[in-house]
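S.K.: Here is the input, now give the coordinates:
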Amino acid sequence: MDSVSLPVACSLMDSELQERRRNVLQKVRGVVSEVKEVEHGFIYCFPPDGAWIRELANLVELEHQCCPFLKFTIT
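M.R.: Prediction:
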């Protein structure tokens, strides 16, 4: 199934979403150095080190599991 036909709905229960926000999203948001809005989304800038690349890859994997309609690119 391609991302165009996927429903726009998160599969996490409310308690799981709250835990994700506390444990993963706040940590990642805390190191964002810049946010740019672009035509089809947003660009977030992070520290260019291996530890944060691993954290971001983990976040993308977690988000893909519950929200497969989202598209992420790490460059």
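
S.K.: With A51 as the reference, measure out to the residue nearest to F42 when sequence neighbours are not counted.
M.R.: Excluding the flanking residues, the one nearest F42 by Cβ to Cβ, 6 or more residues apart in numbering is V35, at 6.0 Å. In this view, the C-beta of every residue, glycine as well, is placed from N, C-alpha and C. Distance, V35 to A51, using Cβ to Cβ, to the nearest Å: 21 Å.

S.K.: Please apply the same query to F42.
M.R.: 22 Å.

S.K.: quick one, helices of this protein?
M.R.: 14-20, 26-29, 50-66 (DSSP state H).

S.K.: Next, format those helices as TSV and append mean neighbour count and distance to I74.
M.R.: Formatted as TSV, the helices of the chain follow (neighbours: other Cβ atoms under 10 Å; distance: least, Cβ to Cβ, whole Å):
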stretch	mean neighbour count	distance to I74
helix 14-20	12	19
helix 26-29	12	12
helix 50-66	13	6
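
S.K.: can I get the ones you listed in a markdown table with distance to T73 and mean pLDDT?
M.R.: Compiled in a markdown table, the helices of the chain are given as follows (distance: least, Cβ to Cβ, whole Å; pLDDT from 0 to 100):
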| stretch | distance to T73 | mean pLDDT |
| --- | --- | --- |
| helix 14-20 | 21 | 74 |
| helix 26-29 | 15 | 82 |
| helix 50-66 | 9 | 84 |
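
S.K.: Those into JSON lines, with extra columns for distance to T75?
M.R.: Listed next are the helices of the chain as JSON lines, based on distance: least, Cβ to Cβ, whole Å:
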{"stretch": "helix 14-20", "distance to T75": "24"}
{"stretch": "helix 26-29", "distance to T75": "16"}
{"stretch": "helix 50-66", "distance to T75": "11"}
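
S.K.: about what we covered before: would you mind measuring from the residue nearest to F42 to C45?
M.R.: Distance of V35 to C45, given as Cβ to Cβ: 8 Å.
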